[in-house]
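Student: sequence first, predicted coordinates after that:
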Amino acid sequence: MKRVFEAFYTGENGRTYGESTGMGLHLVKEVCNKLDHQIYIESQQGIGTKVIIII
């Protein structure tokens, strides 16, 4: 999970639903930084992942 906010990172073992550029979470992180918001990732193997944005 350390690389999830890197540009063009598409993961290693995750499920995908179509093509991915790896830019989605990177752009969200950049917007959060510009707006002085916080973003966190919580993930549990076999259960799922949550992206939490605090505004």
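Tutor: Okay, I see it.
Student: check for me that Leu27 belongs to a helix.
Tutor: Yes - assessed with DSSP: H, G, I helix; E, B strand; the rest coil, Leu27 lies in a helix.
Student: count of neighbours near it?
Tutor: 12 (other CB atoms under 10 Å). Glycine gets a C-beta too; all of them are placed from N, C-alpha and C.
Student: swap in Lys29?
Tutor: By other CB under 10 Å, the residues close to Lys29 number 19.
Student: and for Val31?
Tutor: The burial count for Val31: 12, using other CB under 10 Å.
Student: do you know how far it is from Met1?
Tutor: Separation of Val31 from Met1 (CB to CB, to the nearest Å): 20 Å.
Student: check Tyr17 and give its pLDDT.
Tutor: Here, the pLDDT recorded for Tyr17 equals 68.
Student: please save the CA atoms from stretch 26-44 in PDB.
Tutor: Taking C-alpha atoms only, stretch 26-44 is exported to PDB below (Å, rounded to 0.1, in the frame of the first residue of the first chain):
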ATOM      1  CA  HIS A  26      -2.500  10.100  -7.500                       C
ATOM      2  CA  LEU A  27      -4.700  12.900  -8.700                       C
ATOM      3  CA  VAL A  28      -7.000  12.700  -5.700                       C
ATOM      4  CA  LYS A  29      -4.000  12.900  -3.400                       C
ATOM      5  CA  GLU A  30      -2.700  16.000  -5.300                       C
ATOM      6  CA  VAL A  31      -6.100  17.700  -5.000                       C
ATOM      7  CA  CYS A  32      -6.300  16.900  -1.300                       C
ATOM      8  CA  ASN A  33      -2.900  18.400  -0.800                       C
ATOM      9  CA  LYS A  34      -3.800  21.600  -2.600                       C
ATOM     10  CA  LEU A  35      -7.000  22.000  -0.600                       C
ATOM     11  CA  ASP A  36      -5.300  21.100   2.700                       C
ATOM     12  CA  HIS A  37      -7.400  18.000   3.100                       C
ATOM     13  CA  GLN A  38      -6.200  14.600   4.400                       C
ATOM     14  CA  ILE A  39      -6.500  11.300   2.700                       C
ATOM     15  CA  TYR A  40      -5.900   7.800   4.200                       C
ATOM     16  CA  ILE A  41      -6.100   4.200   3.000                       C
ATOM     17  CA  GLU A  42      -7.300   1.400   5.100                       C
ATOM     18  CA  SER A  43      -7.000  -2.100   3.700                       C
ATOM     19  CA  GLN A  44      -7.700  -5.600   4.900                       C
END
